[in-house]
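Asks: Show me how the following folds:
(one chain, ligands or ions: 2)
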Amino acid sequence: MTEKKWVYSFNEVKLVEEYVGGNWEGVRGLLGGKGSGLADMTRAEVPVPPGFTVTTEACNAYQAAGKFPAGMWEQELEALKKVEQLTGKKFGEASNPLLVSCRSGAKFSMPGMMDTVLNIGLTDKTAEGMVKLTNNPRFVYDSYRRLVEMFGTVVLEIPDQAFEEPLNEYKQAKGYKLDTEMNAEDWKAITATFKAVIKKVKGFDFPQDPFEQLKLATEAVFKSWNGKRAVDYRRATNIPDDLGTAVNIQTMVFGNMGEDSGTGVAFTRNPSTGDRKMFGEYLLNAQGEDVVAGIRNAEKIETLNSKMPEAYHQFMQITNRLEMHYREMQDVEFTIEHGKLWMLQTRNGKRTANSAVKIALDMANEGLITKDEAVQRITPDQVDILLHPQFVVEDKEVAKKENRFYAKGVNASPGAAVGQIYFDADLAEKQAKQNKQDVIMVRPFTKPDDVHGMIAAKGVLTSEGGATSHAAVVARQFGIPCVVGASHIKIDLENRLMAVDGKVVREGDWISVDGTTGEVFVGKILTFTPKIEEQTDLLTLLKWADEICAKPGTRKFSPGWPTKGLQVWANADYPKDAQRARSYGAVGIGLCRTEHMFFEKDRLPIVQRMILAENLDVRKAALDELLPYQRADFDGLFRAMDGYPVIIRLIDPPLHEFMPNEDELFEEVITMRVKGETTGLAEKEKLLADIRGMHESNPMMGLRGVRLSIYMPQIVEMQVRAIFEAAADCTLSGVVVKPEVMIPLTGTVNELKWIQPRLIKIADDVMKEKKVNFTYKFGTMIEIPRAAVTAAEIAEYAEFFSFGTNDLTQMTFGYSRDDAERNFLVTYVAEGILPKNPFQTIDQGGVGRLMDIAVKDGRTTRPDLEVGICGEHGGDPDSIEFCHLIGNNYVSCSPFRVPIARLAAAHAALKHSGKALAEDK
Ligand code: PEP
Ligand code: MG
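Replies: Ligands and ions are numbered 1, 2, ... in the order given. Next up, the predicted model:
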């Protein structure tokens, strides 16, 4: 049996490909990002200093056994011999010493999280040899002290200060300010001091055997995979722990060998604007870290042309080739040693969201990538960033440095907001409207009657609640940056202040809320707001995304809808939301929550009168008063969505939500009684008794949704009349209407059997009265598990399904959507009991399974059943992918999330082209 290969020279990439079965992902997995890049560049005959890579498999074997796997070290020595042959230098030999670097390199870049040791191979003996060879003792001893210091800190884990302090003392004694003032003798002295530090702290000498140096450095890099920094970074970026890091051992080349040497870093396109122009800097007579550390002012890359035209020309050619080869913007590191150019690294460059879009479009237009690839290159998060007010990064950094970070909660609605805090909705609204203040509304949690304050505010902060709490849902709907469940904050409503560990912020003080990250800061941070209509590149990209979804596909489930992907609709309650939704690219309204219209100031008293009505006539009279309001609302929606479907959901919440708060009313009654006030007392007492009569222990599972419609049909009868009168009027004025009436919370088909024919009759009556005809649909929400598993029966009546995944998640798990996120759910996610918050991302194994059953069974009864989703998950990219797989026709989300959903829908269509689960039948 041949020995397992743990080490590959940079020129052995072919062997690696054979071993991993030909795919580049496999090569990256084995050699890491850096190692595979170096090997790939070597193959492309780019000048790369020779070297080799110890594989991630070796790292994993080391982690498992606590020692190098058998044969690995011997293979390293063999590979080192090859490097000696290629360079003509010899490791550890004084006459022409080979020096190497030893760097980590995982599959995914983890910048600065793991360890590196440079200049390995320098010893007292080889240093002397190098001095003779280079005639540059300053360079040699500067390099040597760097090795001793890095070896001390990285390999021997001695704290940095142990080296920094004596260096600073030395400089002070000599009157130096900068390292550049240190001469050869100074560095030689410092090298000796550093060696003494090692001896003192560890009790042994800095190894004079270069092989010992290399062995220990390799081991240190392996160990750094499990260092705290690296582990934290992996947690934060979801990089799996079992990937391991590779170790790259590479010939050192030096940019600090005189004025014909230099070093630099560059991006093949501008990483902040996306402009197609090399962007980089370099320093002559310097080492790589000098550029990064900014010790000296680096020069713009263009100026290299006049200083070293040949090297510059070659550099431009190589980087151009690299970009063509990887078909991506590259971030490169290079060194010029005595006029010879060496490429040290190439990788896909990190960039701002803005430049990511521009680069993707440009590359597609240049023919370097396809339009589909351009769409795939942009992440939903990047689109999110582009659409919301954002903090100026540098200013946020300043806030962090100034210790102004205050608390962290759930990032419920993205964007940055800065304002003065107010603790109740009325005051928030007043300060915003009358006093033109920028306001952040802060509450423990919000209720429907807080909405006016939220809308007036720039941002919302709550100490309770989660991603589907009222505050979160409303904030997302209106695009208000919002952080919820910041549970460290103690809100003291009585004293109008909030506090975190004694840090008090009072009403009227300024705070900054980052709804994208969930962070809260004290004081102001600068922001800027991008506008979608001004973002032509983004609009083009989204158009390409729509084209992907609209292309004829192979999905068989919906005749007349032969698309490849999902449509994106929006949840919108008011005409202005619908207009916004359209401007963001929505092609339908997937949910209009009609009850929100009842909460408006001029309507609420009528709604309350209607609820408390003692007889049918009084109730009908109140409903007659409400009808014109509702008709006007629907009229506006139909006009805004001219030609697109509009799903209007009939009243859903329990009636007590429209009534005054029971506790507050009770307090008022008691106060009046105590004070002996009699005027109006009897009415208040009666109201209190009525409200108490409506009390339910579990209102979410009580008289709401279709149950309420059956118990008190007059409300939905009024709503359906209003819908159809508006639709008829619109049709008569030339607007194309596609009304779809949605019945919420169905649990048994018998509910639909009871209510739907009554409502259809009203619809038909109105059409007859108005003498118009248009098509309409009646359908239901699937938000109770029983509805999902009896979908075949339900589809006999329902012409469409819309998954109400907020309730469906609540009922499937048995977790209260109002409470779970503020207590155990956080622990569940932290402990890995649940992989993600199921109120944000669909739980595919449970809730998703029910959805899949519902789609399949529903379509057995009604093959052209239209299926959508309107729960909060409709704007979540992972959930959108799942909806694509089960064969939804559309997803519906808040208008502000529509662009993200359009991109996510295209991603799903490309990823699963022709593979919808619904086809498996
Ligand atoms: C749902 O339950 O997912 C839904 C959209 O309805 P609501 O949030 O209004 O209950
Ligand atoms: Mg619901």
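
Asks: pLDDT score for the residue nearest to Asp807 when sequence neighbours are not counted?
Replies: Spatial nearest neighbour of Asp807, chain neighbours left out: Glu783 (3.7 Å); criterion: CB to CB, 6 or more residues apart in numbering. All C-beta spots, glycine's among them, are computed from the backbone N, C-alpha and C. Here the pLDDT value assigned to Glu783 is 98.

Asks: Could you measure from Glu783 over to ligand 2?
Replies: As judged by CB to the ion, to the nearest Å, Glu783 and ligand 2 stand 5 Å apart.

Asks: Same check on Gln382?
Replies: With CB to the ion as the criterion, Gln382 and ligand 2 are 31 Å apart.

Asks: and what of Asp501?
Replies: From Asp501 over to ligand 2 the distance is 38 Å, taken as CB to the ion.

Asks: How about the secondary structure of the residue lying closest to that residue once chain neighbours are set aside?
Replies: Nearest-residue entry for Asp501: His488, 7.5 Å, with adjacent residues in sequence omitted and distances by CB to CB, 6+ apart. Three-state call for His488 (DSSP: H, G, I helix; E, B strand; the rest coil): coil.

Asks: Isn't His488 up against Ala499?
Replies: No - because the distance of 9.4 Å does not satisfy CB atoms under 8 Å, His488 is recorded as not touching Ala499.

Asks: quick one: which of the two has more around it?
Replies: Ala499 (16 against 13; other CB atoms under 10 Å).

Asks: if I pick the more buried one, what's in contact with it?
Replies: By CB atoms under 8 Å, 6 or more residues apart in numbering, the residues touching Ala499 are Ile489, Lys490, Asp492, Val505.

Asks: Apply 7 Å and report the result again.
Replies: Lys490 (CB atoms under 7 Å, 6 or more residues apart in numbering).

Asks: Check for me that it belongs to a strand.
Replies: Yes - according to three-state DSSP, Ala499 belongs to a strand.

Asks: Tell me how far it lies from ligand 1.
Replies: 33 Å (CB to the nearest ligand atom, to the nearest Å).

Asks: With His884 instead?
Replies: 18 Å.

Asks: helix or strand for the nearest residue to that residue once chain neighbours are set aside, which one?
Replies: Closest residue to His884 apart from its sequence neighbours, by CB to CB, 6+ apart: Ala908 at 3.7 Å. Per DSSP states H and E: Ala908 is located in helix 898-911.

Asks: avg pLDDT for that helix?
Replies: pLDDT averaged over helix 898-911 gives 96.

Asks: Same question for stretch 400-419.
Replies: 91.

Asks: Stretch 697-705 now?
Replies: On average, stretch 697-705 scores 92.

Asks: ok, residues contacting it?
Replies: Residues contacting stretch 697-705 (CB under 7 Å, 6+ apart): Asp652, Pro653, Pro654, His656, Glu696, Tyr711, Pro744, Leu745.

Asks: Tell me, how many residues neighbour the third one?
Replies: Neighbour count for Pro654, taken as other CB under 10 Å: 20.

Asks: give me every residue that touches it.
Replies: Residues in contact with Pro654 (CB under 7 Å, 6+ apart) are Glu696, Pro699, Gly702, Leu703, Arg704.

Asks: Looking at the residues you listed, spot the one nearest ligand 1.
Replies: For these, the residue nearest ligand 1 by CB to the nearest ligand atom is Arg704; the value is 8.7 Å.

Asks: Nearest residue to that closest one in space, please, no chain neighbours.
Replies: Arg704 sits nearest to Pro654 (CB to CB, 6+ apart), 4.5 Å away.

Asks: next one: Arg603
Replies: Arg603 sits nearest to Tyr629 (CB to CB, 6+ apart), 5.7 Å away.

Asks: same question, Trp225
Replies: Thr245 (4.7 Å).

Asks: Equivalent analysis for Val646, please.
Replies: Ile589 (4.4 Å).

Asks: pretty sure the one you found is touching Asp573, no?
Replies: No - Ile589 is beyond contact range of Asp573, at 9.2 Å (criterion: CB atoms under 7 Å).

Asks: Looking at those two, which one has more neighbours?
Replies: A count of neighbours by other CB under 10 Å puts Ile589 above the other of Ile589 and Asp573, at 30 against 21.

Asks: Test of understanding: give the bridge partners of the more buried one.
Replies: Taking DSSP bridges as the rule, Ile589 bridges to Ala570, Val646.

Asks: Now do the contacts for it.
Replies: Contacts of Ile589 (CB under 7 Å, 6+ apart): Trp569, Ala570, Ala572, Ala578, Ala581, Leu637, Met641, Val646, Ile647.

Asks: what's the neighbour count on Ser816?
Replies: Counted with other CB under 10 Å, Ser816 comes out at 14.

Asks: how near is it to Ser512?
Replies: Per CB to CB, to the nearest Å, Ser816 is found 32 Å from Ser512.

Asks: again with Ala162
Replies: Counting by CB to CB - Ala162 and Ser512 are separated by 39 Å.

Asks: Repeat that for Gly585.
Replies: Note on Gly585: its distance to Ser512, by CB to CB, is 30 Å.

Asks: Looking only at neighbour counts, state which of those two leads.
Replies: When Gly585 and Ser512 are compared for neighbours, Ser512 comes out ahead with 26 against 19, by other CB under 10 Å.

Asks: just checking, the residue nearest to Asp501 touches Gly409?
Replies: No - at 8.3 Å, His488 does not count as touching Gly409 under the criterion of CB under 7 Å.

Asks: residues touching the residue in the stretch 301-450 of the chain that ligand 2 sits nearest to, list them.
Replies: Minimum separation of the stretch 301-450 of the chain from ligand 2 (CB to the ion) falls at Pro448, amounting to 14.4 Å. By CB under 7 Å, 6+ apart, the contact set of Pro448 is Phe599, Glu657.

Asks: and what of Gln390?
Replies: Ala416, Thr527, Phe528.

Asks: low pLDDT regions in this protein?
Replies: 1, 111-113, 236, 288-297, 467-468, 477, 554-562, 914-921 (pLDDT under 70).

Asks: so how far is Glu664 from the residue of it most remote from its centre?
Replies: Distance from the C-alpha centroid of the chain, by CA atoms, centre = their mean, peaks at Gly676 (58.4 Å). Relative to Glu664, Gly676 is positioned 20 Å away (CB to CB).

Asks: Leu623 touches Met718, doesn't it?
Replies: Yes - Leu623 is within contact range of Met718, at 4.3 Å (criterion: CB under 7 Å).
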